[in-house]
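1. Fold the stuff below for me.
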Amino acid sequence: MKKMLFVFNPRSGKGLIRNALLDIVDIFTRGGFEVVTYPTQKPRDGYRKILEDGMNFDVVAVSGGDGTMSEAVTALMQLPKMIPIGYIPTGSTNDFAASMRISTNMTDAAQDIVDGVYFEYDVGQFNKQRYFVYVAAFGIFTDVPYVTPQDAKNIFGHAAYIAEGIKRFTAGSYKGMDITVEHDGIKESGNFLLGIVSNSTSIGGMKVPMREGVYFDDGLFEVTLVRTPSTPLALQQTLNDALLNRLNTKNFLSFKSAKVSFTSPEPISWTLDGEAGGAYTESVAVNCRRAIKLIIKPDDKTDQQREIDLLKPPSDTTNKYLRTALFEDQDGIEI
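-> Residues are numbered from 1 along each chain as shown. Next up, the predicted model:
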């Protein structure tokens, strides 16, 4: 019988997992697992438990919000072998679950772990000492995803994130941050309000429509930086561009990359998956391609990974043009 470590945050969301806990454990047991349950007691307790005992189990399952999942992945990244992980989302935002289309019905999510397949998901490494699952961000608006009105999120999606933050800015009252950004041999300096390094289709409960698509296993981040407006007119133009998802204008710096570095005269405060990530004058985010083995319900993401794995030679799987050709007739598929 396979052994499962089930780590859950009993306070996540509204604490509703208490009502479903026995059903979840029953589903896992009927699925052939010997289950050891562990309710977290404090922040980073799940991280500690998985780091200390994860190697004794065949599968780790976690339940909680994005922070709980981030803790678990951070611990798994430090283990000597890849232990598969399943996720039951119970948080208030659940960005990671939204991106991966993991059910927020707790018993359905548990059954999907039992019946699921492996998907090798990219993980971000930050300054060689921290990890993030779906987003690293800096700027005075990094709390915006969690306070933006839901109506605006529904109407404008990812653009509402940027637009809500920009609305807080009064031209001339905030100087922004002087930052040099470097990626793929390109270096550019500027003054920025906000920066987002992500591998997600959802940030702060908002969908992120990316023109070229977001792939969770391609080894690339989606990076967007908002330039600091210098005049009220520039502020209005930046706001309009954000609302219309025109992130390729002069008001933004937007690109995809496997590695991006940020240098600034003053320390930049970061958030990693919505949690405090420290302040640094030099920061580097590196995409660890297919670093964790996520257990999810089969869907078009897993089909895509399977098709890409069949391509020869293996090195071609990182070629964005080959990937575009492979999926050029699948523009209508929601990923």
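2. and the closest residue to residue 176 other than its chain neighbours, how many residues sit next to it?
-> Excluding the flanking residues, the one nearest residue 176 by C-beta to C-beta, 6 or more residues apart in numbering is residue 228, at 3.2 Å. Backbone N, C-alpha and C define where each C-beta goes, glycine included. Using other C-beta atoms under 10 Å, residue 228 is surrounded by 21 other residues.
3. Likewise for residue 8?
-> Neighbour number of residue 8 under other C-beta under 10 Å is 23.
4. for the one 4 residues further on, same thing?
-> Residues contacting residue 12 under the criterion other C-beta under 10 Å number 22.
5. for residue 91, same thing?
-> With other C-beta under 10 Å as criterion, residue 91 counts 20.
6. Surely it and residue 68 touch.
-> Yes: contact criterion C-beta atoms under 8 Å: residue 91 and residue 68 qualify, at 7.4 Å.
7. which neighbours do these two share?
-> Shared contacts of residue 91 and residue 68 (C-beta atoms under 8 Å, 6 or more residues apart in numbering): residue 12.
8. tell me which helix or strand of this structure sits lowest on mean pLDDT?
-> Lowest by mean pLDDT, DSSP states H and E among the helices and strands of the chain is helix 320-326, with a mean of 35.
9. picking up where we left off before, which residues touch the residue nearest to residue 176?
-> Applying C-beta under 8 Å, 6+ apart, the residues near residue 228 are 174-177, 191-193.
10. Return the members of the residues you listed classed as buried.
-> 176-177, 192-193 (16 or more other C-beta atoms under 10 Å).
11. Please flag which of those residues sit within strands.
-> 177, 192-193 (DSSP state E).
12. how about those in a markdown table, adding pLDDT and distance to residue 16?
-> A markdown table is the format used below for those (pLDDT from 0 to 100; distance: C-beta to C-beta, whole Å):
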| residue | pLDDT | distance to residue 16 |
| --- | --- | --- |
| 177 | 91 | 40 |
| 192 | 92 | 39 |
| 193 | 86 | 37 |
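13. Residue 189 is in contact with residue 225, isn't it?
-> No: Residue 189 lies out of contact with residue 225 (C-beta under 8 Å); the separation is 11.3 Å.
14. Spit out the residues that contact those two alike.
-> Counting by C-beta under 8 Å, 6+ apart, the residues touching both residue 189 and residue 225 are 179, 181.
15. if I look at residue 221, how far off is residue 101?
-> Per C-beta to C-beta, to the nearest Å, residue 221 is found 20 Å from residue 101.
16. More neighbours: which of these two?
-> Each of residue 221 and residue 101 has its neighbours counted (other C-beta under 10 Å); residue 221 has more, 26 against 15.
17. Does that one have any beta-bridge partners, and if so which?
-> Beta-bridge partners of residue 221, counted by DSSP bridges, are residue 257.
18. list the contacts for it?
-> Neighbouring residues of residue 221 by C-beta under 8 Å, 6+ apart: 124, 197-199, 256-258, 260, 285, 287.
19. So which of those residues sit within strands?
-> Cross-referencing these against strands under DSSP E gives 124, 197-198, 256-257, 260, 285, 287.
20. Residue 185: which of the contacts of residue 228 is nearest?
-> For the contacts of residue 228, the closest approach to residue 185 (C-beta to C-beta) belongs to residue 192, at 20.4 Å.
21. was I right about the closest one contacting residue 139?
-> Yes: judged on C-beta under 8 Å, residue 192 makes contact with residue 139 at a distance of 7.1 Å.
22. where in the stretch 1-150 of the chain is pLDDT low?
-> For the stretch 1-150 of the chain, residues meeting the criterion pLDDT under 70 lie at 140-150.
23. the helices in it, which residues?
-> Per DSSP state H, counting those that start in this stretch, the stretch 1-150 of the chain carries helices over the ranges 17-30, 45-53, 66-76, 95-100, 106-115, 150-156.
24. Could you single out the most deeply buried of these?
-> helix 66-76 (a mean of 26; mean count of other C-beta atoms under 10 Å).
25. Now do the contacts for residue 75.
-> Contact partners of residue 75, counting by C-beta under 8 Å, 6+ apart, are 46-51, 54.
26. Return the member of those residues nearest to residue 271.
-> residue 47 (17.0 Å).
27. Quick check: chain neighbours aside, which residue is closest to the closest one?
-> residue 71 (4.0 Å).
28. what helix or strand does residue 250 sit in?
-> Residue 250 belongs to no helix or strand when assigned by DSSP states H and E.
29. mind listing what it touches?
-> Residue 250 makes contacts with residue 227, as judged by C-beta under 8 Å, 6+ apart.
30. rewinding a little: neighbour count winner among residue 189 and residue 225?
-> When neighbours are counted by other C-beta under 10 Å, residue 189 and residue 225 differ, and residue 225 comes out ahead with 25 against 12.
31. How far off centre is whichever strand or helix holds that one?
-> Assessed by DSSP H and E, residue 225 sits inside strand 221-227. Remark: strand 221-227 is offset 14 Å from the chain centroid, using C-alpha atoms, centre = their mean, to the nearest Å.
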